[in-house]
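A.B. asks: just need the structure, nothing else, for what follows:
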Amino acid sequence: MQTKTSRMGHKPLALGLIVLAAALVAAGVLSRRSVAEQVKEASTPVVPAVSILPAGQMAGAPIDLSARIEPWARAPIYARVSGYLKSWNVDIGAPVKSGQTLADIETPDLDQQLLQAKAELATARSNLTLAASTAKRWQGLLTADAVSHQEADEKAGDLAAKQSAVNAMQANVDRVQALQRYTRLVAPFDGVVTARNTDVGALINVGGTPGSELFVVSDISRLRVYVNVPQRQVAAIKVGDKAELTVPERPGKTFTATVQSLSQAINASSGAMLIQLTVQNDSRELLPGGYASIHFDAPQSTASLSIPPSALIFNKAGTQVATLGKDNHVVVKQITVGRDLGNVVEVASGLDKGDQVIANPPDGVATGDVVRVAAATANAKAKP
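C.D. replies: Next up, the predicted model:
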(Lines give C-alpha, C1' and ligand atoms only; values in the text may rest on other atoms or scores of the structure.)
Protein backbone atom coordinates (compact mmCIF):
# COMPACT_ATOMS: atom_id res chain seq x y z
CA MET A 1 0.00 0.00 0.00
CA GLN A 2 2.81 2.42 0.81
CA THR A 3 4.65 1.52 -2.39
CA LYS A 4 1.64 2.42 -4.54
CA THR A 5 1.24 5.77 -2.76
CA SER A 6 4.91 6.63 -3.25
CA ARG A 7 4.64 5.95 -6.96
CA MET A 8 1.63 8.25 -7.25
CA GLY A 9 3.59 11.10 -5.50
CA HIS A 10 6.49 10.92 -7.93
CA LYS A 11 4.32 11.38 -11.06
CA PRO A 12 3.65 15.18 -10.57
CA LEU A 13 7.32 15.77 -9.91
CA ALA A 14 8.34 14.08 -13.13
CA LEU A 15 5.69 15.98 -15.05
CA GLY A 16 6.97 19.29 -13.68
CA LEU A 17 10.51 18.44 -14.66
CA ILE A 18 9.38 17.63 -18.18
CA VAL A 19 7.51 20.95 -18.48
CA LEU A 20 10.53 22.86 -17.13
CA ALA A 21 12.83 21.20 -19.62
CA ALA A 22 10.48 22.03 -22.48
CA ALA A 23 10.35 25.66 -21.38
CA LEU A 24 14.11 25.88 -21.27
CA VAL A 25 14.38 24.43 -24.74
CA ALA A 26 11.78 26.88 -26.09
CA ALA A 27 13.53 29.84 -24.46
CA GLY A 28 16.81 28.81 -26.00
CA VAL A 29 15.25 28.51 -29.44
CA LEU A 30 13.62 31.93 -29.17
CA SER A 31 16.84 33.51 -27.93
CA ARG A 32 18.80 32.04 -30.84
CA ARG A 33 16.15 33.33 -33.32
CA SER A 34 16.23 36.85 -31.80
CA VAL A 35 20.00 36.97 -31.98
CA ALA A 36 19.92 35.78 -35.58
CA GLU A 37 17.39 38.47 -36.52
CA GLN A 38 19.50 41.15 -34.84
CA VAL A 39 22.58 39.99 -36.71
CA LYS A 40 20.62 40.02 -39.94
CA GLU A 41 19.33 43.56 -39.31
CA ALA A 42 22.81 44.77 -38.40
CA SER A 43 24.23 43.37 -41.61
CA THR A 44 21.47 44.98 -43.74
CA PRO A 45 22.40 48.62 -44.82
CA VAL A 46 20.07 51.38 -43.51
CA VAL A 47 18.37 53.48 -46.22
CA PRO A 48 17.98 57.05 -44.88
CA ALA A 49 14.62 58.78 -45.22
CA VAL A 50 14.75 62.22 -46.85
CA SER A 51 12.31 64.94 -47.80
CA ILE A 52 12.45 66.43 -51.27
CA LEU A 53 11.13 69.53 -53.00
CA PRO A 54 11.49 70.90 -56.52
CA ALA A 55 13.95 73.74 -57.21
CA GLY A 56 11.49 76.60 -57.61
CA GLN A 57 11.67 79.74 -59.67
CA MET A 58 13.26 82.58 -57.76
CA ALA A 59 10.56 84.96 -56.58
CA GLY A 60 11.51 88.62 -56.42
CA ALA A 61 12.10 89.69 -52.86
CA PRO A 62 10.24 92.88 -51.87
CA ILE A 63 12.40 95.80 -50.78
CA ASP A 64 11.30 98.09 -47.96
CA LEU A 65 13.42 101.14 -47.22
CA SER A 66 13.15 104.51 -45.53
CA ALA A 67 13.27 107.65 -47.65
CA ARG A 68 13.07 111.41 -47.41
CA ILE A 69 10.78 113.74 -49.34
CA GLU A 70 12.00 116.94 -50.96
CA PRO A 71 10.14 119.55 -53.04
CA TRP A 72 10.47 119.39 -56.80
CA ALA A 73 12.17 122.81 -56.67
CA ARG A 74 13.29 124.79 -53.64
CA ALA A 75 14.62 128.35 -53.84
CA PRO A 76 15.97 130.17 -50.79
CA ILE A 77 15.62 133.91 -51.42
CA TYR A 78 18.64 135.94 -50.20
CA ALA A 79 19.23 139.68 -50.18
CA ARG A 80 21.39 140.96 -53.01
CA VAL A 81 21.48 144.52 -51.61
CA SER A 82 21.76 145.95 -48.10
CA GLY A 83 19.10 148.10 -46.49
CA TYR A 84 15.92 147.79 -44.44
CA LEU A 85 12.85 145.70 -45.17
CA LYS A 86 10.21 148.14 -46.30
CA SER A 87 7.32 145.66 -46.57
CA TRP A 88 6.50 141.98 -47.18
CA ASN A 89 3.45 140.74 -49.05
CA VAL A 90 3.26 136.97 -48.43
CA ASP A 91 3.52 134.79 -45.36
CA ILE A 92 4.37 131.12 -44.87
CA GLY A 93 1.98 128.73 -46.58
CA ALA A 94 0.88 131.32 -49.13
CA PRO A 95 0.82 130.21 -52.78
CA VAL A 96 2.76 132.47 -55.13
CA LYS A 97 3.15 132.84 -58.88
CA SER A 98 6.35 133.28 -60.83
CA GLY A 99 7.46 136.94 -60.69
CA GLN A 100 5.14 137.83 -57.81
CA THR A 101 6.61 140.34 -55.34
CA LEU A 102 7.45 138.87 -51.97
CA ALA A 103 8.93 141.96 -50.28
CA ASP A 104 10.51 145.37 -50.90
CA ILE A 105 13.83 146.55 -49.49
CA GLU A 106 14.58 150.21 -48.83
CA THR A 107 18.17 151.05 -49.86
CA PRO A 108 19.17 154.66 -49.03
CA ASP A 109 22.87 153.94 -49.44
CA LEU A 110 22.35 152.42 -52.87
CA ASP A 111 20.24 155.37 -53.93
CA GLN A 112 23.09 157.74 -53.06
CA GLN A 113 25.55 155.52 -54.94
CA LEU A 114 23.38 155.83 -58.02
CA LEU A 115 23.26 159.63 -57.75
CA GLN A 116 27.04 159.74 -57.38
CA ALA A 117 27.57 157.43 -60.35
CA LYS A 118 25.30 159.55 -62.54
CA ALA A 119 27.15 162.74 -61.52
CA GLU A 120 30.52 161.15 -62.33
CA LEU A 121 29.13 160.04 -65.68
CA ALA A 122 27.99 163.60 -66.45
CA THR A 123 31.45 164.95 -65.63
CA ALA A 124 33.12 162.34 -67.82
CA ARG A 125 30.82 163.19 -70.72
CA SER A 126 31.65 166.89 -70.40
CA ASN A 127 35.36 166.07 -70.45
CA LEU A 128 34.77 163.88 -73.49
CA THR A 129 33.03 166.69 -75.37
CA LEU A 130 35.89 169.09 -74.66
CA ALA A 131 38.50 166.50 -75.64
CA ALA A 132 36.65 165.80 -78.89
CA SER A 133 36.53 169.47 -79.94
CA THR A 134 40.18 169.97 -78.98
CA ALA A 135 41.30 166.94 -80.96
CA LYS A 136 39.31 168.16 -83.97
CA ARG A 137 40.92 171.64 -83.88
CA TRP A 138 44.42 170.20 -83.55
CA GLN A 139 43.77 167.91 -86.48
CA GLY A 140 42.93 171.01 -88.56
CA LEU A 141 46.08 172.78 -87.38
CA LEU A 142 48.08 169.68 -88.32
CA THR A 143 46.73 169.91 -91.86
CA ALA A 144 47.97 173.52 -92.04
CA ASP A 145 51.32 172.44 -90.62
CA ALA A 146 50.72 174.73 -87.62
CA VAL A 147 51.39 171.99 -85.07
CA SER A 148 53.51 168.88 -84.96
CA HIS A 149 52.25 165.33 -85.39
CA GLN A 150 53.23 164.61 -81.78
CA GLU A 151 50.97 167.31 -80.41
CA ALA A 152 48.04 166.20 -82.62
CA ASP A 153 48.52 162.58 -81.52
CA GLU A 154 48.48 163.62 -77.85
CA LYS A 155 45.12 165.32 -78.28
CA ALA A 156 43.73 162.27 -80.10
CA GLY A 157 45.00 160.03 -77.28
CA ASP A 158 43.37 162.27 -74.68
CA LEU A 159 40.08 161.95 -76.57
CA ALA A 160 40.32 158.14 -76.50
CA ALA A 161 41.07 158.21 -72.76
CA LYS A 162 38.08 160.44 -72.10
CA GLN A 163 35.88 158.08 -74.13
CA SER A 164 37.07 155.12 -72.03
CA ALA A 165 36.33 157.05 -68.85
CA VAL A 166 32.79 157.70 -70.07
CA ASN A 167 32.33 154.01 -70.82
CA ALA A 168 33.55 153.07 -67.33
CA MET A 169 31.21 155.59 -65.67
CA GLN A 170 28.30 154.34 -67.76
CA ALA A 171 29.05 150.78 -66.71
CA ASN A 172 29.08 151.85 -63.07
CA VAL A 173 25.68 153.52 -63.46
CA ASP A 174 24.31 150.38 -65.11
CA ARG A 175 25.69 148.25 -62.26
CA VAL A 176 24.01 150.31 -59.56
CA GLN A 177 20.77 150.39 -61.51
CA ALA A 178 20.92 146.60 -61.85
CA LEU A 179 21.39 146.29 -58.09
CA GLN A 180 18.37 148.52 -57.56
CA ARG A 181 16.22 145.90 -59.28
CA TYR A 182 17.05 143.53 -56.40
CA THR A 183 15.31 145.80 -53.94
CA ARG A 184 12.17 143.91 -55.00
CA LEU A 185 12.22 140.23 -53.99
CA VAL A 186 10.17 138.08 -56.37
CA ALA A 187 9.17 134.42 -56.59
CA PRO A 188 11.28 132.52 -59.15
CA PHE A 189 8.51 130.00 -59.96
CA ASP A 190 4.99 128.98 -58.99
CA GLY A 191 4.99 127.45 -55.53
CA VAL A 192 4.39 127.94 -51.85
CA VAL A 193 6.25 130.12 -49.34
CA THR A 194 7.62 127.58 -46.87
CA ALA A 195 9.72 130.01 -44.79
CA ARG A 196 9.81 133.73 -43.92
CA ASN A 197 12.73 134.87 -41.77
CA THR A 198 12.37 138.64 -41.79
CA ASP A 199 9.96 141.40 -40.86
CA VAL A 200 9.29 145.08 -41.55
CA GLY A 201 12.17 147.32 -40.44
CA ALA A 202 14.68 144.49 -40.17
CA LEU A 203 18.24 145.29 -41.20
CA ILE A 204 19.02 143.46 -44.43
CA ASN A 205 22.57 142.42 -45.27
CA VAL A 206 23.88 140.87 -48.44
CA GLY A 207 24.24 137.15 -47.79
CA GLY A 208 24.11 133.66 -49.20
CA THR A 209 24.86 131.43 -46.24
CA PRO A 210 22.32 128.81 -45.09
CA GLY A 211 20.03 130.28 -42.46
CA SER A 212 20.26 133.86 -43.72
CA GLU A 213 17.59 133.48 -46.41
CA LEU A 214 14.68 135.91 -46.18
CA PHE A 215 12.11 133.61 -47.84
CA VAL A 216 12.00 130.06 -49.13
CA VAL A 217 9.75 129.22 -52.07
CA SER A 218 9.08 125.54 -52.81
CA ASP A 219 7.28 123.84 -55.67
CA ILE A 220 5.31 121.04 -53.95
CA SER A 221 2.94 120.13 -56.78
CA ARG A 222 5.41 117.34 -57.51
CA LEU A 223 7.94 115.95 -55.07
CA ARG A 224 11.28 114.20 -55.21
CA VAL A 225 11.85 111.14 -53.03
CA TYR A 226 15.40 110.09 -52.19
CA VAL A 227 16.24 106.60 -50.96
CA ASN A 228 19.54 104.79 -50.37
CA VAL A 229 19.33 101.25 -51.76
CA PRO A 230 21.90 98.70 -50.51
CA GLN A 231 24.35 97.49 -53.13
CA ARG A 232 23.04 93.90 -53.21
CA GLN A 233 19.56 95.16 -54.13
CA VAL A 234 20.30 97.87 -56.72
CA ALA A 235 20.21 95.36 -59.59
CA ALA A 236 16.49 94.81 -58.94
CA ILE A 237 15.61 98.50 -59.51
CA LYS A 238 15.62 100.38 -62.81
CA VAL A 239 14.37 103.69 -64.16
CA GLY A 240 10.59 103.66 -64.63
CA ASP A 241 9.85 101.14 -61.86
CA LYS A 242 6.89 101.88 -59.62
CA ALA A 243 7.01 101.88 -55.83
CA GLU A 244 4.53 102.34 -53.01
CA LEU A 245 5.13 105.30 -50.73
CA THR A 246 3.62 105.70 -47.26
CA VAL A 247 3.98 108.44 -44.67
CA PRO A 248 3.22 108.26 -40.95
CA GLU A 249 0.77 111.19 -41.03
CA ARG A 250 -1.44 109.37 -43.59
CA PRO A 251 -1.87 105.88 -42.07
CA GLY A 252 -3.37 103.31 -44.40
CA LYS A 253 -2.90 105.45 -47.52
CA THR A 254 -0.35 104.70 -50.22
CA PHE A 255 1.03 106.89 -53.01
CA THR A 256 2.62 105.77 -56.25
CA ALA A 257 6.18 106.91 -56.88
CA THR A 258 8.22 106.40 -60.05
CA VAL A 259 11.97 105.82 -60.22
CA GLN A 260 13.36 108.78 -62.16
CA SER A 261 17.12 108.38 -61.91
CA LEU A 262 19.92 106.40 -60.26
CA SER A 263 23.18 107.96 -59.13
CA GLN A 264 25.12 105.09 -60.79
CA ALA A 265 27.63 105.04 -57.93
CA ILE A 266 27.89 103.30 -54.58
CA ASN A 267 28.55 105.52 -51.59
CA ALA A 268 31.72 104.16 -49.97
CA SER A 269 30.64 105.06 -46.44
CA SER A 270 27.11 103.61 -46.59
CA GLY A 271 27.49 100.89 -49.23
CA ALA A 272 24.29 102.09 -50.91
CA MET A 273 23.24 103.86 -54.10
CA LEU A 274 21.16 107.04 -54.03
CA ILE A 275 17.97 106.68 -56.09
CA GLN A 276 15.56 109.49 -56.96
CA LEU A 277 11.84 108.93 -57.37
CA THR A 278 9.05 111.37 -58.22
CA VAL A 279 5.50 111.48 -56.93
CA GLN A 280 2.59 113.73 -57.84
CA ASN A 281 1.27 115.86 -54.98
CA ASP A 282 -1.72 117.62 -56.49
CA SER A 283 -3.73 117.09 -53.30
CA ARG A 284 -0.90 118.55 -51.16
CA GLU A 285 -1.13 115.56 -48.79
CA LEU A 286 2.61 114.89 -48.87
CA LEU A 287 4.89 117.30 -47.05
CA PRO A 288 8.40 118.14 -48.27
CA GLY A 289 11.18 117.49 -45.81
CA GLY A 290 9.29 114.60 -44.26
CA TYR A 291 10.09 110.93 -43.68
CA ALA A 292 8.54 108.21 -45.84
CA SER A 293 8.68 104.45 -46.37
CA ILE A 294 9.23 102.98 -49.85
CA HIS A 295 8.12 99.49 -50.90
CA PHE A 296 9.45 97.95 -54.13
CA ASP A 297 7.86 94.83 -55.60
CA ALA A 298 10.95 93.34 -57.23
CA PRO A 299 10.18 91.44 -60.46
CA GLN A 300 10.37 87.66 -60.50
CA SER A 301 13.70 86.29 -61.65
CA THR A 302 13.52 84.15 -64.78
CA ALA A 303 17.02 82.70 -64.61
CA SER A 304 17.61 81.91 -60.94
CA LEU A 305 16.17 79.13 -58.81
CA SER A 306 15.56 79.06 -55.08
CA ILE A 307 16.14 76.35 -52.47
CA PRO A 308 16.00 76.30 -48.66
CA PRO A 309 19.29 76.94 -46.83
CA SER A 310 19.07 73.48 -45.19
CA ALA A 311 19.67 71.85 -48.61
CA LEU A 312 23.18 73.28 -48.94
CA ILE A 313 26.20 71.02 -48.49
CA PHE A 314 29.52 72.66 -47.67
CA ASN A 315 32.74 70.71 -48.07
CA LYS A 316 36.19 70.99 -49.59
CA ALA A 317 34.65 70.68 -53.06
CA GLY A 318 32.66 73.88 -52.52
CA THR A 319 28.91 74.44 -52.24
CA GLN A 320 26.76 71.52 -53.37
CA VAL A 321 23.21 70.20 -53.21
CA ALA A 322 21.92 66.63 -53.32
CA THR A 323 19.19 65.85 -55.83
CA LEU A 324 17.02 62.77 -56.26
CA GLY A 325 17.83 60.87 -59.43
CA LYS A 326 16.55 57.71 -61.07
CA ASP A 327 15.50 54.83 -58.77
CA ASN A 328 15.97 57.01 -55.68
CA HIS A 329 19.71 57.37 -56.27
CA VAL A 330 21.38 60.57 -55.10
CA VAL A 331 23.01 62.96 -57.60
CA VAL A 332 25.24 65.59 -55.98
CA LYS A 333 25.56 68.84 -57.98
CA GLN A 334 27.98 71.72 -57.67
CA ILE A 335 26.15 75.09 -57.49
CA THR A 336 26.85 78.79 -57.34
CA VAL A 337 24.92 80.79 -54.74
CA GLY A 338 23.62 84.17 -55.88
CA ARG A 339 21.97 85.80 -52.87
CA ASP A 340 21.07 84.64 -49.39
CA LEU A 341 17.62 86.03 -48.63
CA GLY A 342 17.26 84.33 -45.27
CA ASN A 343 14.42 81.87 -45.80
CA VAL A 344 15.59 80.92 -49.30
CA VAL A 345 18.88 80.91 -51.17
CA GLU A 346 19.18 82.04 -54.77
CA VAL A 347 21.04 79.54 -56.96
CA ALA A 348 22.73 81.34 -59.82
CA SER A 349 23.95 78.19 -61.61
CA GLY A 350 24.27 74.43 -61.22
CA LEU A 351 20.60 73.46 -60.91
CA ASP A 352 17.96 72.82 -63.53
CA LYS A 353 14.35 73.82 -63.12
CA GLY A 354 12.39 70.86 -61.79
CA ASP A 355 15.34 69.15 -60.06
CA GLN A 356 14.17 67.24 -56.98
CA VAL A 357 16.33 68.75 -54.25
CA ILE A 358 16.88 66.84 -51.00
CA ALA A 359 15.96 69.32 -48.30
CA ASN A 360 17.75 67.43 -45.49
CA PRO A 361 20.74 65.63 -47.01
CA PRO A 362 22.32 63.02 -44.68
CA ASP A 363 25.88 63.52 -43.52
CA GLY A 364 28.42 62.21 -45.99
CA VAL A 365 25.89 61.74 -48.79
CA ALA A 366 27.48 61.07 -52.18
CA THR A 367 26.42 60.49 -55.75
CA GLY A 368 24.94 57.00 -56.15
CA ASP A 369 23.69 56.62 -52.57
CA VAL A 370 20.19 55.21 -52.21
CA VAL A 371 17.65 57.14 -50.15
CA ARG A 372 14.04 56.69 -49.22
CA VAL A 373 11.54 59.52 -49.76
CA ALA A 374 9.67 60.24 -46.55
CA ALA A 375 5.99 59.40 -46.61
CA ALA A 376 4.99 62.91 -45.58
CA THR A 377 6.93 64.38 -48.51
CA ALA A 378 5.46 61.87 -50.93
CA ASN A 379 1.94 62.63 -49.77
CA ALA A 380 2.57 66.38 -49.97
CA LYS A 381 3.97 65.96 -53.47
CA ALA A 382 0.90 63.98 -54.56
CA LYS A 383 -1.47 66.76 -53.49
CA PRO A 384 -2.45 69.22 -56.24
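A.B. asks: report the contact partners of residue 184.
C.D. replies: Shown in contact with residue 184 (CB atoms under 8 Å, 6 or more residues apart in numbering): 101, 103, 104, 105. Where you see a C-beta, it was placed from the backbone N, CA and C, and this is true even at glycine.
A.B. asks: recalculate using a threshold of 7 Å.
C.D. replies: The neighbours of residue 184, taking CB atoms under 7 Å, 6 or more residues apart in numbering as the test, are 101, 104.
A.B. asks: what sits opposite it in the beta ladder?
C.D. replies: Beta bridges link residue 184 to residue 104, judged by DSSP bridges.
A.B. asks: ok, it to residue 207 distance?
C.D. replies: Look at residue 184 and residue 207: by CB to CB, to the nearest Å, they are 17 Å apart.
A.B. asks: before we move on, what about residue 125?
C.D. replies: For residue 125, the distance to residue 207 - CB to CB - is 36 Å.
A.B. asks: quick one: low-confidence parts of this structure?
C.D. replies: Across the chain, the ranges flagged by pLDDT under 70 are 1-17, 19-46, 56-61, 298-303, 375-384.
A.B. asks: go with 50
C.D. replies: 1-2, 4, 39-44, 376-384 (pLDDT under 50).
A.B. asks: which residues sit in contact with the nearest residue to residue 371 once chain neighbours are set aside?
C.D. replies: The shortest distance from residue 371 to any non-neighbouring residue, by CB to CB, 6 or more residues apart in numbering, is to residue 50 (4.7 Å). Contacts of residue 50 were listed using CB under 7 Å, 6+ apart, and they are 358, 360, 371, 373, 374.
A.B. asks: select only the buried ones of these in PyMOL?
C.D. replies: This is how PyMOL selects the buried members of the contacts of residue 50, with burial counted by 16 or more other CB atoms under 10 Å:
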select buried, resi 358+371+373+374
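A.B. asks: widest-spaced pair of the contacts of residue 50?
C.D. replies: Greatest spatial distance among these (CB to CB): 360 and 373, at 11.5 Å.
A.B. asks: ranges for the strands of the stretch 101-250 of the chain?
C.D. replies: Secondary structure of the stretch 101-250 of the chain (DSSP state E, counting those that start in this stretch): strands at 101-106, 184-186, 191-196, 203-204, 215-230, 242-246.
A.B. asks: inside helices: which ones of the contacts of residue 50?
C.D. replies: Per DSSP state H, helices hold no members of those.
A.B. asks: narrow the contacts of residue 50 to those in strands?
C.D. replies: Mapping those onto strands (DSSP state E) picks out 358, 373.
A.B. asks: I'd like the contacts of residue 50 as JSON lines, with distance to residue 109 appended.
C.D. replies: JSON lines is the format used below for the contacts of residue 50 (distance: CB to CB, whole Å):
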{"residue": "358", "distance to residue 109": "87"}
{"residue": "360", "distance to residue 109": "86"}
{"residue": "371", "distance to residue 109": "94"}
{"residue": "373", "distance to residue 109": "94"}
{"residue": "374", "distance to residue 109": "93"}
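A.B. asks: ok, the contacts of residue 50 vs residue 293, which is closest?
C.D. replies: residue 360 (37.6 Å).
A.B. asks: dump the residue contacts of that closest one.
C.D. replies: 50, 51, 310.
A.B. asks: nearest to residue 269 among the residues you listed?
C.D. replies: residue 310 (35.9 Å).
A.B. asks: can you report how many residues neighbour that closest one?
C.D. replies: 11 (other CB atoms under 10 Å).
A.B. asks: from residue 99, how far out is it?
C.D. replies: 68 Å.
A.B. asks: now do residue 229
C.D. replies: Residue 229 is 39 Å from residue 99, by CB to CB.
A.B. asks: more neighbours, these two?
C.D. replies: Between residue 229 and residue 99, residue 229 has the larger neighbour count (other CB under 10 Å), namely 23 against 10.
A.B. asks: and the more buried one, what are its bridge partners?
C.D. replies: The partner residues for residue 229, given DSSP bridges, come to residue 273.
A.B. asks: what's near enough to touch it?
C.D. replies: Neighbours of residue 229 in contact, by CB under 7 Å, 6+ apart: 65, 237, 272, 273, 275.
A.B. asks: buried sites along the strand or helix carrying the last one?
C.D. replies: Secondary structure here is read from DSSP states H and E; on that basis residue 275 sits in strand 272-280. By neighbour count, with 16+ other CB under 10 Å as the criterion, the buried positions of strand 272-280 are 272, 273, 274, 275, 276, 277, 279.
A.B. asks: hmm, the fifth one is touching residue 228, no?
C.D. replies: So that's residue 276. No: the criterion here is CB atoms under 7 Å, and residue 276 misses it with residue 228 at 11.1 Å.
A.B. asks: on that earlier part again, take the contacts of residue 360 and keep only those in helices.
C.D. replies: Using DSSP H, none of the contacts of residue 360 sit in helices.
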